[in-house]
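# Whatever this is, show me its structure:
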Amino acid sequence: PEARQALHVVRWRQDFTSDKLTTERIYLITSMPPGAARGAQLAAWIRGHWKIENLLHHVRDRTFREDDSKIHTGRLPRVTAGPRNLAISVHRQNGRTNTATALCKAARDWNQPLTALGLTG
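The predicted model follows:
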């Protein structure tokens with residue numbers, strides 16, 4: 001109900017290993033009225049969103065090896081992603097930039113994650 005405008009974005013990406021060019025179309029909805037932001041500003045916001053998405057996916061894949069998981073059907077991929085996202089968020093909230101190192105430290109001191117979540121006192 002708050003939508004004020006919709007955007008249609010067309011992107012082209014080239015895979016440098018196969019030299020294949022792909023086209024991707026995405027649609028965005030915003031509550032901003034038309035003319036409130038310039039095209040360059042909207043493009044920067046879109047890129048910023050994908051930067052966040054890519055950072056999360058990269059950590060989940062490299063640290064938790066999520067892409068190698070054999071769980072691909074039903075609700076299980078989302079169910080298993082939940083605790084991973086929680087772990088990443090808790091460690092980032094505590095100022096950790098390296099999730100793998102933070103997980104190793106948390107494995108040695110089981111009380112640390114509980115303290116970070118406010119579950120001990």
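# what about Ser43, neighbour count?
In this structure residue 43 is Ala, not Ser. Counted with other Cβ atoms under 10 Å, the neighbours of Ala43 add up to 13. In short, each C-beta sits where N, CA and C put it, glycine included.
# list the helices and strands the host helix or strand of it packs on?
In the assignment (DSSP states H and E), Ala43 maps to helix 39-64. Helices and strands touching helix 39-64, by 3 or more Cβ pairs under 8 Å, 6 or more residues apart in numbering; DSSP states H and E, are helix 76-93, helix 99-108.
# ok, and for the longest one, which residues are buried?
Put plainly, it is helix 76-93. Neighbour counts over helix 76-93 (16 or more other Cβ atoms under 10 Å) mark Ala81, Arg84, Ala87, Ile88, Val90, His91 as buried.
# Relative to Trp50, which of the helices and strands packed on helix 39-64 is closest?
Closest to Trp50 of the helices and strands packed on helix 39-64, according to Cβ to Cβ: helix 76-93, at 17.3 Å.
# what about that closest one, distance to the chain center?
Taking Cα atoms, centre = their mean, to the nearest Å, the mean C-alpha location of helix 76-93 is offset from the chain mean by 11 Å.
# what residues does it touch?
Residues from elsewhere that reach helix 76-93, judged by Cβ atoms under 8 Å, 6 or more residues apart in numbering: 56, 59-60, 63-64, 66, 69, 71, 99, 102-103, 106, 113, 116-117.
# go with 6 Å
With contact meaning Cβ atoms under 6 Å, 6 or more residues apart in numbering, helix 76-93 is reached by Val59, Arg60, Phe64, Ile71, Thr99, Ala102, Ala116.
# can you list those in a markdown table and add neighbour count and pLDDT?
Below are the contacts of helix 76-93 laid out as a markdown table (neighbours: other Cβ atoms under 10 Å; pLDDT from 0 to 100):
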| residue | neighbour count | pLDDT |
| --- | --- | --- |
| Val59 | 20 | 87 |
| Arg60 | 19 | 89 |
| Phe64 | 20 | 90 |
| Ile71 | 13 | 85 |
| Thr99 | 20 | 89 |
| Ala102 | 22 | 90 |
| Ala116 | 17 | 81 |
